[in-house]
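A.B. asks: Sharing a sequence plus its predicted fold:
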Amino acid sequence: MKLLSIAIPCYNSEAYMEKCIDSLLVGGEDVEILVVDDGSSDRTAEIADVYAEKYPTIVKAIHQENGGHGEAVNAGIRNATGLYFKVVDSDDWVNAEAYAQILKTLEELIRGSETVDLLISNFVYEKQGAKRKRVMQYRHCLPVNEVFGWNKVHMHKGKYLLMHSMIYRTKLLHDCGLELPKHTFYVDNIFAFEPLVHVKKMYYLDVNFYRYFIGREDQSVNEAVMIKRIDQQLRVNRIMVDVFHRCRCNNRHLRKYMLSYLEIITTISSVMLIRAETQEALDKKKELMEYIREEDRWIYHRLRWGIMGCASNLPGKGGRKTFIVAYKLCQKFYGFN
């Protein structure tokens, strides 16, 4: 059995997918690389087949009708046979030295006495044109090089795990029945959120493994693109509210973390709706908060009257302008979008 399954969702990725695949081939026979061609119209399918033919024991090409990023991840989960599962987007890549440490750590963990559900590592923002690469690391939030539970997770405000930093135990994903929505962007937030209630044991390896490319104009996290696709962001936001409402989590540390993550996603939704500068968008912002209030008043109270909730609901044009100025400062400091 393979140690690690890696799914690469690909849609018209001919220009950059080879760099991604080549960076993952370094893992050799310990890994299973699932190249998911999500109904591409360029040479993506052909490139996937070439790699599968050249590396038949490592690479598997999966072809499907276009279902969006989430359905490509779903296909990866369905076809994964490795003990652990990772998603690497086709325009991203991994660091070879950190990769070797990841595989070595996974091998040691499966031989240990405790079952680890989630391996966490760092990722690097490879922002186009940026001279300084920002690293998303967790050394001040999580224990390093040890198995731990949620009681030892101390995330600061604005700090959270992303798909890029996560490697789940494959059986956990199969057992929890994770199914990401089709034709929807930003589902990586659901991937990093919904399975958490099933995660009991974690391990943090402080290495800069994942290289997250950001800066293309057509990229889903580009601010203009996010505003254009705001209905998909709102769909993901609502799904996350539903997940948190249903989970009935008894662990107060996990509950605190999940609420904080949900607060961040709701704030991002509010930012993009305000940035759209239309009455329709402001109405959608109001509708989102009404949806949360009707779904779960406890969640609503904490999101609406928390620091970010109060900031994103400052009254009038002046209040919205103040909130956006604060957002831009955070944007400049953290380097997102």
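C.D. replies: Here it is on my side, so go on.

A.B. asks: Let's see stretch 279-295 as PDB, backbone CA atoms only.
C.D. replies: What follows is stretch 279-295, C-alpha atoms only, in PDB (Å, rounded to 0.1, in the frame of the first residue of the first chain):
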ATOM      1  CA  GLN A 279     -26.900  47.800  -3.300                       C
ATOM      2  CA  GLU A 280     -27.400  44.200  -4.500                       C
ATOM      3  CA  ALA A 281     -24.200  43.100  -2.800                       C
ATOM      4  CA  LEU A 282     -25.200  44.900   0.400                       C
ATOM      5  CA  ASP A 283     -28.500  43.100   0.400                       C
ATOM      6  CA  LYS A 284     -26.700  39.800   0.000                       C
ATOM      7  CA  LYS A 285     -24.500  40.700   3.000                       C
ATOM      8  CA  LYS A 286     -27.700  41.300   5.000                       C
ATOM      9  CA  GLU A 287     -29.200  38.000   3.700                       C
ATOM     10  CA  LEU A 288     -26.100  36.100   4.800                       C
ATOM     11  CA  MET A 289     -26.400  37.300   8.400                       C
ATOM     12  CA  GLU A 290     -30.100  36.600   8.400                       C
ATOM     13  CA  TYR A 291     -29.400  33.000   7.100                       C
ATOM     14  CA  ILE A 292     -26.900  32.500  10.000                       C
ATOM     15  CA  ARG A 293     -29.300  33.900  12.600                       C
ATOM     16  CA  GLU A 294     -32.100  31.600  11.400                       C
ATOM     17  CA  GLU A 295     -29.800  28.600  11.300                       C
END
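
A.B. asks: What mean pLDDT does it get?
C.D. replies: Averaging pLDDT along stretch 279-295 gives 96.

A.B. asks: Which secondary structure elements does the longest helix seen in the chain sit against?
C.D. replies: Ranked by residue count, the top helix of the chain under DSSP state H comes out as helix 252-276. Counting contacts by 3 or more C-beta pairs under 8 Å, 6 or more residues apart in numbering; DSSP states H and E, helix 252-276 packs against helix 223-228, helix 230-247, helix 279-295, helix 297-304, helix 307-312, helix 316-334. No exception for glycine: its C-beta is placed from N, CA and C like everyone else's.

A.B. asks: and the ones you listed as TSV, adding distance to Ala192 and mean neighbour count?
C.D. replies: As requested, the helices and strands packed on helix 252-276 are exported to TSV (distance: least, C-beta to C-beta, whole Å; neighbours: other C-beta atoms under 10 Å):
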stretch	distance to Ala192	mean neighbour count
helix 223-228	17	16
helix 230-247	10	18
helix 279-295	20	15
helix 297-304	18	16
helix 307-312	19	17
helix 316-334	17	13
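
A.B. asks: closest one to Glu114 among those?
C.D. replies: Closest to Glu114 of the helices and strands packed on helix 252-276, according to C-beta to C-beta: helix 230-247, at 23.2 Å.
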